[in-house]
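Asks: Need the 3D shape of this:
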Amino acid sequence: MQTVQTEHFQTMQSPALVPETSVSRTERWRAFYELTKPGITKMVVLSASAGYYLAVPMGAAEYFSSPQNIFHAVLAVIGTTLVSGGSCALNHFMEREYDADMNRTKRRPLPSGKLVPAEALIFGTFLSVIGLLMLAFVNIPTLLLAVATLVSYIAVYTPMKRVTSLSTLVGAIPGALPALGGWVAVRGTADAPGLVLFLVLFFWQIPHFLALSWMYREDYAEGGFPMLSVTDPTGVLVARQTLIYIAALVPISLMLTALQETGLIYFAGVLVVSGIFLYHGIRFLKSASKLHARKVLLSSYAFLLGVIVLVFADKL
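Replies: Purely as a prediction, here's the structure:
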């Protein structure tokens, strides 16, 4: 702890605390937005919203005809958004030195000098605290899940990335908890459908990240991250695990229909997007190229967006 405190004190005293004078006010505002990792935060918000919507015990029109229910939903979504954005900003703060070593991340707000570490730390802490306070007014179980998300992402996953490739599995937990949080915001308990949503997001993240890490394996190696894509130079294990998790994702996704939370529209649609995802996973296994990894990555986005849209469409 003393070492961390000393390092932080030295950082606070360094000229790096002063942003580049050439950075305009507009660029600084954009940099703060980038700290929230908009792509990740959008995924989190969409999955949490799908969980909330699925948990509504009646027709959407009837439920949202109540101003109280609308306020509750808005509070849950905004709170989740702030906690996600805050945790991402804190991740930027913790990984700023490593980001500077990788081509993919060296243009991020901190290594590029658009913002300084203290700003990211204060910004991330502020967003996280405000988000947690908002979720406290939703219900306590949702608040506890948000705390678990924040702690597991910042205190467990982020430092673990420097140690072992198993961090990918651990990192999928905070990425999946918001979907369960959306369900719990309405029902107050982690029922089976909410847990299925958690599993869908958990299993989805593994092939998604494996494909991404294979595309940028040189960067991860340069940054000193022992990802599977770094320790497996042939890509055989990466592609094999990618396909295994995609295959497992199909029956898990269909369990929502088995539990009678979704109907035939969802069931048929998931079969289609799963088939596309599986197809590209198989091609990646046959040839572990960056091109095929990119197609797995893109089809993973299509799968997740498809599942979320189908959840909403099936319950209209």
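Asks: Spit out the contact partners of residue 23.
Replies: The contact partners of residue 23, by C-beta atoms under 8 Å, 6 or more residues apart in numbering, come to 31, 113, 114. Any C-beta I mention is one placed from the backbone N, CA and C, and that applies to glycine too.
Asks: now do 10 Å
Replies: By C-beta atoms under 10 Å, 6 or more residues apart in numbering, the contact set of residue 23 is 30, 31, 109, 112, 113, 114, 115.
Asks: For those, which two are the farthest from each other?
Replies: By the measure C-beta to C-beta, 30 and 113 form the most distant pair in the contacts of residue 23, at 13.9 Å.
Asks: got the buried residues for stretch 230-238?
Replies: 230, 232, 235, 237, 238 (16 or more other C-beta atoms under 10 Å).
Asks: Cross those against helices and list the overlap.
Replies: Using DSSP state H, the members of those that fall within helices are 230, 237, 238.
Asks: name the element the nearest residue to the first one once chain neighbours are set aside belongs to?
Replies: What that stands for is residue 230. Closest residue in space to residue 230, ignoring its immediate chain neighbours: residue 221 at 4.7 Å, by C-beta to C-beta, 6 or more residues apart in numbering. Using DSSP states H and E, residue 221 falls within helix 217-223.
Asks: how far is that helix from where the chain is centred?
Replies: Chain-centre distance of helix 217-223: 21 Å, with C-alpha atoms, centre = their mean, to the nearest Å.
Asks: What lies in contact with it?
Replies: The set of residues external to helix 217-223 that reach it, using C-beta under 10 Å, 6+ apart, is 95, 97-106, 161-162, 212-214, 216, 225-233, 235, 238, 290, 293.
Asks: The stretch 101-250 of the chain: helices as residue ranges?
Replies: Remark: helices assigned in the stretch 101-250 of the chain by DSSP state H, counting those that start in this stretch are 117-136, 140-151, 158-160, 167-187, 192-215, 217-223, 228-231, 236-258.
Asks: so where's the stretch 51-200 of the chain shaky on pLDDT?
Replies: Scanning the stretch 51-200 of the chain with the threshold set as pLDDT under 70 gives no residue ranges.
Asks: From residue 229, how far out is residue 149?
Replies: 25 Å (C-beta to C-beta, to the nearest Å).
Asks: and those two? which has more neighbours close in?
Replies: residue 229 (28 against 23; other C-beta atoms under 10 Å).
Asks: Next up, the contacts around residue 35.
Replies: Taking C-beta under 10 Å, 6+ apart, we find residue 35 in contact with 85-86, 88-93, 108-110, 114-115, 119-120, 123-124, 127.
Asks: With residue 251 instead?
Replies: Counting by C-beta under 10 Å, 6+ apart, residue 251 makes contact with 258, 274.
Asks: Could you tell me the per-residue confidence at it?
Replies: Listed pLDDT for residue 251 reads 96.
Asks: That one and residue 29, how far apart?
Replies: According to C-beta to C-beta, residue 251 and residue 29 sit 45 Å apart.
Asks: The lengthiest helix in the chain - contacts with which helices or strands?
Replies: The longest helix of the chain (DSSP H) is helix 67-94. Packing partners of helix 67-94 (3 or more C-beta pairs under 10 Å, 6 or more residues apart in numbering; DSSP states H and E): helix 25-35, helix 38-55, helix 60-63, helix 117-136, helix 140-151, helix 158-160, helix 167-187.
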